[in-house]
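Asks: no sequence on this one, just coordinates:
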């Protein structure tokens with residue numbers, strides 16, 4: 001069973017029909033929408049500020065979602081995919097975006113709707129990535145426009161994968 005922990009009197013709110021892997025941790029001021037999946041060793045730690053995650057969003061293995069004390073909540077939209085080993089810190093990710101494996105998003109950056117952050121990218125504090133843009137590199141820079149719906153496919157795949165794990169428990 002996942003670690004779902006109250007801290008400072010605040011308990012995470014978990015939506016309907018979510019898959020929480022046994023080794024995942026969801027702590028404090030976290031609101032997780034419906035049909036989300038939080039995979040093995042992923043941590044969503046809302047101890048110092050609010051973390052809001054929309055519906056049908058997946059947080060893949062070993063990802064870390066955090067915020068900054070008093071100045072930086074984290075807001076993640078619907079149908080977002082956060083790749084394995086990604087670090088998402090005190091930023092905003094809009095609907096349908098894809099955050100690649102091993103990427104890092106720093107405080108107050110913003111990822112537009114349907115945008116893609118490439119694997120291993122470092123998105124610096126305050127960076128604004130537009131809707132449908134593909135960014136990559138260290139530090140991340142604009143590469144090109146992503147193909148229509150390219151990022152969305154990942155959210156749909158993870159919704160399917162999570163059903164396999166739910167079926168095993170029944």
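Replies: Everything's here; your move. Source: prediction; values computed, not measured.
Asks: Any idea what the most centrally placed residue in the chain is bridged to?
Replies: The residue lying closest to the centre of the chain (Cα atoms, centre = their mean) is residue 82, at 4.2 Å. Beta-bridge partners for residue 82, by DSSP bridges, are residue 59, residue 99.
Asks: hang on, it packs against residue 57?
Replies: Yes: with contact defined as Cβ atoms under 8 Å, residue 82 and residue 57 form a contacting pair (7.4 Å). Quick note: C-beta positions are derived from backbone N, CA and C, even for glycine.
Asks: Look up the residues that both of the two are in contact with.
Replies: Contact criterion Cβ atoms under 8 Å, 6 or more residues apart in numbering; residues shared by residue 82 and residue 57: residue 76.
Asks: What lies in contact with the strand ranked longest in the chain?
Replies: In the chain, taking DSSP state E as the definition, the longest strand is strand 43-53. Strand 43-53 is contacted by residues 7-8, 10, 12, 24-33, 36, 38, 59, 63-76, 80, 90 when judged by Cβ under 8 Å, 6+ apart.
Asks: Now do the buried residues in that strand.
Replies: Neighbour counts over strand 43-53 (16 or more other Cβ atoms under 10 Å) mark 43-49, 51-53 as buried.
Asks: Partner strands of it and their direction?
Replies: Counting by DSSP bridges, strand 43-53 is paired with strand 25-32 (parallel), strand 64-66 (parallel), strand 74-76 (parallel).
Asks: can you list these in CSV and add mean pLDDT?
Replies: CSV is the format used below for the strands paired with strand 43-53 (pLDDT from 0 to 100):
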stretch, mean pLDDT
strand 25-32, 98
strand 64-66, 98
strand 74-76, 98
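Asks: Isn't residue 159 up against residue 37?
Replies: Yes: contact criterion Cβ under 8 Å: residue 159 and residue 37 qualify, at 7.4 Å.
Asks: Tell me the buried residues in the helix or strand of the chain with the lowest mean pLDDT?
Replies: Taking mean pLDDT, DSSP states H and E as the measure, the chain has helix 152-169 as its least confident helix or strand, at a mean of 82. Residues 152, 154-155, 158-159, 162 are the ones in helix 152-169 that count as buried (16+ other Cβ under 10 Å).
Asks: Among the residues you listed, which one sits closest to residue 102?
Replies: Distance ranking of those against residue 102, using Cβ to Cβ, places residue 154 first at 15.0 Å.
Asks: Thanks again, I'm all set now.
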